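> give me a 3D structure for the following:
(chains A, B, C and D)
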There are 2 protein chains.
Amino acid sequence: MPKDTFYNLPQEKRERIIEAALMEFEDNSFDQASTNKIIEQSGISKGSFYQYFEDKKDLYKHLIQLMVEAKLKYITPAMQNPFNHDFFEVIHDMNEAGLKFAVDQPRFLKIGSRLMQDKNHVLYREIIAENQDRAFEAYRALVKNAMDRGELRQDLDVDFTARTIFIMSSEIVTFATNGSFETLTEDITEILDKLMNLLAYGIKKTEGKND
Amino acid sequence: MPKDTFYNLPQEKRERIIEAALMEFEDNSFDQASTNKIIEQSGISKGSFYQYFEDKKDLYKHLIQLMVEAKLKYITPAMQNPFNHDFFEVIHDMNEAGLKFAVDQPRFLKIGSRLMQDKNHVLYREIIAENQDRAFEAYRALVKNAMDRGELRQDLDVDFTARTIFIMSSEIVTFATNGSFETLTEDITEILDKLMNLLAYGIKKTEGKND
DNA sequence: AAGTCATGTGACTCTATAGTCATATTTTAA
DNA sequence: TTAAAATATGACTATAGAGTCACATGACTT
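Numbering: from 1, shown residues only, chains lettered A, B, ... in the order given. Model (predicted):
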């Protein structure tokens, strides 16, 4: 958590620092990112930096915090009463929200992805691990619920299915953006349709053939 | 490519160096890995290191080379006449080989995964990118072929399908190993069955319902 | 005007890095 | 035995990192 001094700063200066930090962490992992560069870029002094933040990690965690807040704004609407809506519709909407976030906030996405990548890093455990678990649990509950309601095949392994969907949801972004995180290669709707289709006819209880 | 001096070394010494390098690169990304530590660990002098290798990258690429060779030994058998065998059987066998490699050679896997993660790194482009493309092309060809033979639904998007399978194949290892890369959490056969099942009933042209 | 508290500063410490080079040792050849 | 070629060495260079600290400046209070 940044110190009070940081929050007392005029908005303009605060934004300059965040901007510089985003730039640095966008292109570098936590360890490789340089506080010196952030300081230079934002035009504050070394001393000031440590008046605002405990250390490098403090600043980094603040950025992640901002990212989580931003992402929640996208995801929340899709999560209203998820147990009463059609399973595939919920999954669809969540992925759609995720993709929109990816397109609108490429820098946040980039920083987030970088963090997710190094699963061995201390920060991964500190920040991501628990959130990942919570997200996975949400998927698990959705799958279980949909199975109970007869929307999905009864012979599915709940955990395996939830994990597959969870991973596919994480990967759909890379699918869609070519890894550059800045522009969409294909139309969101089209991608989601293909994904849902592939998923559904492996999961959905189906009466006859379908194509 | 290591220098001649390296290959002239007695096998024991060469192995000591490789061993130390594996240890270091297993736990650290290319940038974070320390040549100093490798030197210490293997008991050679700084000067000698640079008699054996051009630089850090040279050593690293050599390790990757060893990894590729090791992995090929696993994968090759599954790739014999892939166009004449059942599509799902080929995919199954390839994934099985990949999983076995993961269990037998956890250090190689770890180093490889680490490299795959940082898609922005120069080394990624230098080493992985082209191989990934080639691997993806292989999947694409398999899918196309299986569609032509009527094994798969005719309305599939070849690229999307190939990419999904490709990604699922990469992720199956994380599925199976809990991210620790050292022990399998579940039985390989079981995991593969679930994966193939989930995949098949979204792809395979099916006459009736199935469960 | 004097004093107090929050904020700003950059030179400095300590640590670590990759890579170099002059010199020493060992091996091979004549 | 001698000369030359290959290999070994570690102190050293140059660079960069995160974080500290004694001091300076500004603002607000009494």
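> burial count for A:Glu15?
With neighbours defined by other C-beta atoms under 10 Å in any protein chain shown, the count for A:Glu15 comes to 12. C-beta coordinates here come from the backbone N, C-alpha and C atoms, glycine included.
> what about the strand or helix carrying it, average pLDDT?
Using DSSP states H and E, the element containing A:Glu15 is helix A:11-27. Mean pLDDT, helix A:11-27: 96.
> and if you look at stretch A:105-119?
88.
> list of residues touching it?
A:22, A:25-26, A:29-30, A:63-64, A:66-67, A:70-71, A:101-102, A:121, A:123-124, A:127-128, A:170, A:173, A:181-182, B:29, B:114, B:117-118, B:179 (C-beta atoms under 8 Å, 6 or more residues apart in numbering or on different chains).
> which positions within that stretch qualify as buried?
Applying a neighbour-count criterion of 16 or more other C-beta atoms under 10 Å in any protein chain shown, the buried positions in stretch A:105-119 are A:105-115, A:117-119.
> next one: stretch A:135-148
A:135-136, A:139-140, A:142-147.
> pLDDT below threshold where in chain A?
Along chain A, segments meeting pLDDT under 70 span A:178-182, A:202-211.
> what's the domain layout of it?
According to automatic domain parsing, chain A comprises the domains A:4-54, A:72-203.
> could I get those domains as CSV with distance to B:Lys3?
Putting the domains of chain A into CSV (distance: least, C-beta to C-beta, whole Å) gives the following:
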stretch, distance to B:Lys3
domain A:4-54, 29
domain A:72-203, 31
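> and the ones you listed: which comes nearest B:Pro82?
Among these, the nearest to B:Pro82 by C-beta to C-beta is domain A:72-203 (21.5 Å).
> now do the SS call for A:Leu123.
Secondary structure, DSSP: H, G, I helix; E, B strand; the rest coil: A:Leu123 is helix.
> nearest to DNA strand D, of the domains of chain A?
DNA strand D sits nearest to domain A:4-54 of all these, at 3.6 Å, using C-beta to the nearest atom of the strand.
> now the end-to-end length of that closest one.
11 Å (C-alpha to C-alpha, to the nearest Å).
> that one near chain B at all?
Yes: counting by C-beta under 8 Å from any C-beta of the partner chain, chain B is contacted by domain A:4-54 at A:27, A:29, A:31-32.
> ok, now stretch A:191-204?
Yes: counting by C-beta under 8 Å from any C-beta, chain B has neighbours in stretch A:191-204: A:191, A:194-195, A:197-203.
> of these, just the buried ones, ChimeraX syntax please.
For the buried members of these, the matching ChimeraX selection, counting by 16+ other C-beta under 10 Å, is:
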select /A:191,194,195,197,198,199,200,201,202,203
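> closest to chain B among the residues of stretch A:191-204 next to chain B?
A:Gly202 (3.4 Å; C-beta to the nearest C-beta).
> close to DNA strand D: what parts of chain A are there?
A:33-37, A:46-47, A:50, A:55-57 (C-beta under 7 Å from any atom of the strand).
> so how far is A:Leu63 from A:Leu72?
15 Å (C-beta to C-beta, to the nearest Å).
> check A:Glu130 too.
Separation of A:Glu130 from A:Leu63 (C-beta to C-beta): 18 Å.
> and the two? Which one has more around it.
Comparing A:Glu130 with A:Leu63 by neighbour count (other C-beta under 10 Å), the higher total belongs to A:Leu63, at 20 against 10.
> and the one residue in chain A that gets nearest to DNA strand C, which of the three is it?
Residue nearest to DNA strand C within chain A (C-beta to the nearest atom of the strand): A:Gly47, separated by 2.1 Å. Under three-state DSSP, A:Gly47 falls in the helix class.
> give me the next element, helix or strand, following the helix or strand hosting A:Gln132.
Assessed by DSSP H and E, A:Gln132 sits inside helix A:130-148. Remark: after helix A:130-148, the chain's next helix or strand is helix A:158-177, criterion DSSP H and E.
> which residues sit in contact with A:Ile17?
A:6, A:9, A:38, A:42, A:44, A:52.
> surely the first one meets A:Glu54?
No: look at A:Phe6 against A:Glu54 with C-beta atoms under 8 Å: they stay out of range, at 10.4 Å.
> neighbour count for these two, which is higher?
Neighbours per residue, other C-beta under 10 Å: of A:Phe6 and A:Glu54, the larger number sits with A:Phe6, 20 against 12.
> gap between that one and A:Leu184?
In terms of C-beta to C-beta, A:Phe6 sits 35 Å off from A:Leu184.
> how near is A:Gln11 to B:Asp58?
50 Å.
> more crowded one of these two?
B:Asp58 (15 against 7).
> quick one: residues contacting that one.
B:1-2.
> try 6 Å
Going by C-beta atoms under 6 Å, 6 or more residues apart in numbering or on different chains, B:Asp58 touches no other residue.
> residues from chain A in reach of DNA strand C?
A:4-5, A:8-9, A:13, A:44-48, A:50-52.
> most neighbours among those residues, please name it.
Busiest of the residues of chain A next to DNA strand C [other C-beta under 10 Å] is A:Tyr52, holding 21 neighbours.
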